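Undergrad: Structural data only, the sequence is not supplied:
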């Protein structure tokens with residue numbers, strides 16, 4: 001039994017630390033503005049889809065036909081703007097933990113991360129800044145044995 005527990009413990013420890021390594025890689029890629037690494041760590045299509053979903057949830061929905069038509073037009077326009085807006089540059093500026101100051105290097109998100117833990121075995125959440133300070137939440141998803149950011153909530 002003891003010989004079975006040691007490999008299980010090692011596997012659990014390795015799997016539990018795996019997303020933290022990816023958070024460290026994301027931090028280094030943001031600081032160095034490494035497009036290649038950011039491209040592998042971010043699923044921009046999933047981030048865009050989630051951003052559109054959040055925008056639609058916040059839209060006012062009434063039973064008035066004119067308001068409903070305006071809502072549909074606004075939904076199409078916001079969907080197109082999200083497709084054009086959510087880029088690597090947008091992600092980098094959104095994840096910036098403190099406002100930009102002239103001649104300042106990009107700050108490390110690790111210094112401002114206040115929470116990072118599993119939601120379930122396939123989802124991992126990181127909170128940048130404390131709850132009272134307009135935090136940014138990153139949702140990582142494990143798909144095909146690769147951890148990637150699939151949603152950014154501000």
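TA: Ah, there it is. Since we're looking at a predicted model, the values are computed, not measured.

Undergrad: name the element residue 29 belongs to?
TA: Residue 29 is part of helix 2-32, with elements assigned from DSSP states H and E.

Undergrad: Give me the next element, helix or strand, following that helix.
TA: For helix 2-32, the following helix or strand on the C-terminal side (DSSP H and E) is helix 35-41.

Undergrad: How many neighbouring residues does the nearest residue to residue 154 once chain neighbours are set aside have?
TA: Nearest residue to residue 154 in three dimensions, chain neighbours excluded: residue 136, at 5.1 Å (CB to CB, 6 or more residues apart in numbering). Glycine gets a C-beta too; all of them are placed from N, C-alpha and C. Neighbours of residue 136 under the rule other CB atoms under 10 Å: 19.

Undergrad: what is residue 136 paired to in the beta sheet?
TA: residue 128 (DSSP bridges).

Undergrad: any idea how far it lies from residue 22?
TA: As defined by CB to CB, to the nearest Å, residue 136 lies at a distance of 16 Å from residue 22.

Undergrad: do the same with residue 53
TA: 24 Å.

Undergrad: When these two are compared, which one has more neighbours?
TA: Taking other CB under 10 Å, residue 53 and residue 22 do not tie; residue 22 has more neighbours (19 against 11).

Undergrad: Any idea how many residues pack against residue 153?
TA: With other CB under 10 Å as criterion, residue 153 counts 13.

Undergrad: Tell me if I am right that residue 125 is in a strand.
TA: Yes. Assessed by DSSP: H, G, I helix; E, B strand; the rest coil, residue 125 belongs to a strand.

Undergrad: tell me the contacts of it?
TA: 115, 116, 117, 118, 119, 137, 138, 139, 140 (CB atoms under 8 Å, 6 or more residues apart in numbering).

Undergrad: Now the buried members of those.
TA: 116, 138, 139, 140 (16 or more other CB atoms under 10 Å).

Undergrad: Considering helices and strands only, name the one in this protein with the lowest mean pLDDT.
TA: In the chain, the helix or strand scored least confidently by mean pLDDT, DSSP states H and E is helix 65-85, which has a mean of 63.

Undergrad: and the following helix or strand past that one, what's its mean pLDDT?
TA: Using DSSP H and E, the next helix or strand after helix 65-85 towards the C-terminus is helix 88-94. Averaged across helix 88-94, the pLDDT comes to 92.

Undergrad: swap in stretch 27-46?
TA: Mean pLDDT, stretch 27-46: 94.
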